[in-house]
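> Following is a predicted model, sequence given first.
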Amino acid sequence: MYASRTGNTEQLAHLIKKEIEGAVPETDFVRVEDFHTDLLSAYQICVIVTYSWGNGELPREMVRLYEAIEQQPLSSLVTGIAGTGDQCYPYFCGAVDRFRDMLYVHTVLAVTLKVELAPQQSDARKCSLFAEKIAEKINRQRVLNKV
Ligand SMILES: Cc1cc2nc3c(=O)[nH]c(=O)nc-3n(C[C@H](O)[C@H](O)[C@H](O)COP(=O)(O)O)c2cc1C
């Protein structure tokens, strides 16, 4: 799930999606504005990709998702949070940090990733590691749930 104004975060979301598809059989790829938060509990994994706004704030369109995760019982949802930002701003990728802190408390947070503006070739490896961390966490959850 992603939010993007000028395309950097959408590019990052596509890279992550490509990597996750190699690790997870069935995925949906949606802009956050098009996602019904009532469906969150139907998913095993939720990956959020966001830009930052204001002074390291969440984009307005991400607030509904943030609050829904905070309020719903999603303690076995495996999550990952990634984002793009600009180091010129004092709070680089602040929205990633805000999500990270909330997801750590309310879900099974597997991984975080911050990328400077548009993703570069060197970020592809980071996206691959991001997907690996998600897959590892899902496998661990499966083992734990069997015990
Ligand atoms: C008004 C404004 C405020 C921003 N505030 C921040 C910020 O606080 N922290 C940060 O890391 N980036 C900030 N950015 C940079 C964007 O998050 C960055 O350019 C991002 O890659 C945009 O993603 P998008 O192309 O998907 O829209 C800001 C950009 C604008 C225009």
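That came through fine.
> The closest residue to the ligand within the chain: neighbour count?
Using CB to the nearest ligand atom, the single residue of the chain nearest to the ligand is residue 85, 2.4 Å away. For glycine as for every other residue, the C-beta is placed from the backbone atoms N, C-alpha and C. For residue 85, the neighbour count with other CB atoms under 10 Å is 24.
> how close does residue 93 get to residue 76?
Distance of residue 93 to residue 76, given as CB to CB, to the nearest Å: 27 Å.
> With neighbour numbers in mind, choose between these two.
Set residue 93 next to residue 76 and count neighbours by other CB under 10 Å: residue 93 wins out with 26 against 12.
> shaky segments in the protein?
Along the chain, segments meeting pLDDT under 70 span 147.
> ranges for the helices of it?
8-23, 63-71, 94-106, 123-146 (DSSP state H).
> Select, out of these, the one closest to residue 48.
helix 94-106 (5.9 Å; CB to CB).
> Torsion angles phi and psi at the residue nearest to residue 55 when sequence neighbours are not counted?
Excluding its sequence neighbours, the residue lying closest to residue 55 (CB to CB, 6 or more residues apart in numbering) is residue 91, at 5.7 Å. Phi and psi for residue 91, reported as degrees, to the nearest 10, are phi -110, psi 80.
> Which residues are in contact with the most centrally placed residue in the chain?
The chain has residue 48 as the residue nearest its centroid, 2.3 Å off, counting by CA atoms, centre = their mean. Listed by CB atoms under 8 Å, 6 or more residues apart in numbering, the contact partners of residue 48 are 1, 2, 32, 62, 65, 79, 80, 81, 82, 99, 103.
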